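Undergrad: How does the following fold in three dimensions:
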Amino acid sequence: MTTPPKALSAVSRRAILAGSLAGAGAVVFAAPALAAGDVGAVPKLPGEVSRLATATSRTGRKRYEIIDVVVAGDRARLFVPHASAPSQSVGATMLWYYHARNGTHTALSSAFAYSADLAVDRGIISICPTYGGSIWTSARALEIQVAVAAWASSLWRIDASLLRSDSGGGPLLAWAYANRLVPKVLGAYLSSSSYDLEERATSEPDKVVPHFPDFAAIVAANPARLPQDVWRNARLRITGSPDDVVVPFAKHGTALHAAALPVAKEATLRSHPGEGTGGHAVPSFTNKDMLDTFQRWLAEGPVPEAEPPAAVLPGAGTYENGAEGIVTTGTWSTLKSAADSGGSIAYSTTAGARRRSRSRARASAGSVV
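TA: From the prediction side, this is the model:
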């Protein structure tokens, strides 16, 4: 697993905003801070329980608020750029983080701090709920996800959501994306992430099984059991290591890629040498790679919904005059006509339709109306 998070702290009016665990190594950056936060730039949010000193992004020098809220009994942390205060008239982009096992909302200020700080420069709001702790896709975790999504949508007009998971956050991300529990998802980035919940429950039962009533509930909540069509038009970027012995890449990231690839708008896989304990650490390159990928998806915009296929009635054989039924090779459709009261039946095929009378006379190829 990734190294445990380090909390940010505001020491004084010129406090140090301490940086993130970007995979294997710690990156520390400093930023000026105001003492008490700025409720003028970002008003107090519903459920707000704390606000750190106003921070300034280290690259673009953009001001943002670090706010904790409680929604449905679960604590979440947000980085809210001053340029993206709550509004129902101006569209916003929200980046949803799914922390590793044993993580909490504070992962936004540690494991995810580096990329979330960079996202501020792009006007992106970052949010990391606790999701009940390390409870995977349990009923409680899904309840929290739905509640936080509704809370966020009540404050911002969310035009795009982007998803990011590390390690044990993968199953909840996959479930939320596949079931559209988060508004207007453009795509997801998974790093060294779990996917097959049954594999996790079998490999490390003490970490998974207690959060479900029985194994049947684990099977029912396993994103790897979802039908392939849930990934139609999805965008996925998956990174991991074949050296990972904690979350085997072949059984998780690679398996998700294989499931989504035939129907996804985009599904890419990037493997890398293992880092950290058991080859499971998230490497620092994922920060830039993720943001570059997200920026491209934002430029491309939403994927148009596929038109539903036209209803057709397939058949095989011939039509015989006087018969009670019609069986054909090709497609039948109803054609409206001014000459009748409700429509005409038309049949066509590239080979032509065949019609037979009682005398077995052959009609010329074409259409029967």
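
Undergrad: ok so residue 236 is a strand residue?
TA: Yes: residue state for residue 236 (DSSP: H, G, I helix; E, B strand; the rest coil) corresponds to a strand.

Undergrad: number of nearby residues for the nearest residue to it once chain neighbours are set aside?
TA: Leaving aside its sequence neighbours, residue 236 sits nearest to residue 267 (CB to CB, 6 or more residues apart in numbering; 4.6 Å). Any C-beta I mention is one placed from the backbone N, CA and C, and that applies to glycine too. Using other CB atoms under 10 Å, residue 267 is surrounded by 20 other residues.

Undergrad: residues of stretch 123-131 that come out buried?
TA: Of the residues in stretch 123-131, 124, 125, 126, 127, 128, 129, 130, 131 count as buried by neighbour count, 16 or more other CB atoms under 10 Å.

Undergrad: Restricted to strands, list those residues.
TA: Members of the buried residues of stretch 123-131 lying in strands (criterion: DSSP state E): 125, 126, 127, 128, 129.

Undergrad: in what helix or strand does the residue nearest to residue 236 lie?
TA: Following DSSP states H and E, one finds residue 267 within strand 266-271.

Undergrad: That strand pairs with which strands, parallel or anti?
TA: Partners of strand 266-271 in the sheet, by DSSP bridges, are strand 235-240 (parallel).

Undergrad: Beyond the strand it pairs with, next helix or strand please.
TA: Downstream of strand 235-240, the next assigned helix or strand under DSSP H and E is helix 253-260.

Undergrad: how many degrees apart are that following helix and strand 235-240 in direction?
TA: Orientation check (axes from the mean of the first three to the mean of the last three CA atoms, to 10 degrees): helix 253-260 against strand 235-240 gives 160 degrees.

Undergrad: Could you give me the buried positions within the one helix or strand residue 287 maps to?
TA: Assigned by DSSP H and E, residue 287 falls within helix 285-300. Buried residues in helix 285-300, counted by 16+ other CB under 10 Å: 286, 287, 289, 290, 291, 293, 294, 297, 298.

Undergrad: how long is stretch 53-70 end to end?
TA: Counting by CA to CA, to the nearest Å, you get 19 Å between the two ends of stretch 53-70.

Undergrad: what do you get for stretch 38-45?
TA: Taking CA to CA, stretch 38-45 runs 12 Å from one end to the other.

Undergrad: List of residues touching that stretch?
TA: 51, 54, 63, 65, 67, 69, 78, 80, 82, 85, 86, 155 (CB atoms under 8 Å, 6 or more residues apart in numbering).

Undergrad: go with 10 Å
TA: Stretch 38-45 has contacts (CB atoms under 10 Å, 6 or more residues apart in numbering) with 37, 48, 51, 53-54, 63-65, 67-69, 71, 78, 80-86, 125, 151-152, 155.

Undergrad: which of those residues count as buried?
TA: The neighbour-count criterion (16+ other CB under 10 Å) marks 37, 48, 51, 53-54, 63-65, 67-69, 71, 78, 80-86, 125, 151-152, 155 among the contacts of stretch 38-45 as buried.

Undergrad: So which of those belong to strands?
TA: 48, 51, 63-65, 67-69, 71, 78, 80-81, 125.

Undergrad: Rebuild the residues you listed as JSON lines, extending it with pLDDT and distance to residue 194.
TA: Converted to JSON lines, those look like this (pLDDT from 0 to 100; distance: CB to CB, whole Å):
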{"residue": "48", "pLDDT": "98", "distance to residue 194": "32"}
{"residue": "51", "pLDDT": "98", "distance to residue 194": "33"}
{"residue": "63", "pLDDT": "98", "distance to residue 194": "36"}
{"residue": "64", "pLDDT": "99", "distance to residue 194": "30"}
{"residue": "65", "pLDDT": "99", "distance to residue 194": "32"}
{"residue": "67", "pLDDT": "98", "distance to residue 194": "29"}
{"residue": "68", "pLDDT": "98", "distance to residue 194": "26"}
{"residue": "69", "pLDDT": "98", "distance to residue 194": "27"}
{"residue": "71", "pLDDT": "99", "distance to residue 194": "24"}
{"residue": "78", "pLDDT": "99", "distance to residue 194": "25"}
{"residue": "80", "pLDDT": "99", "distance to residue 194": "29"}
{"residue": "81", "pLDDT": "99", "distance to residue 194": "31"}
{"residue": "125", "pLDDT": "99", "distance to residue 194": "26"}
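
Undergrad: which one among these gets closest to residue 139?
TA: Proximity of those to residue 139 (CB to CB) peaks at residue 71, which lies at 16.5 Å.
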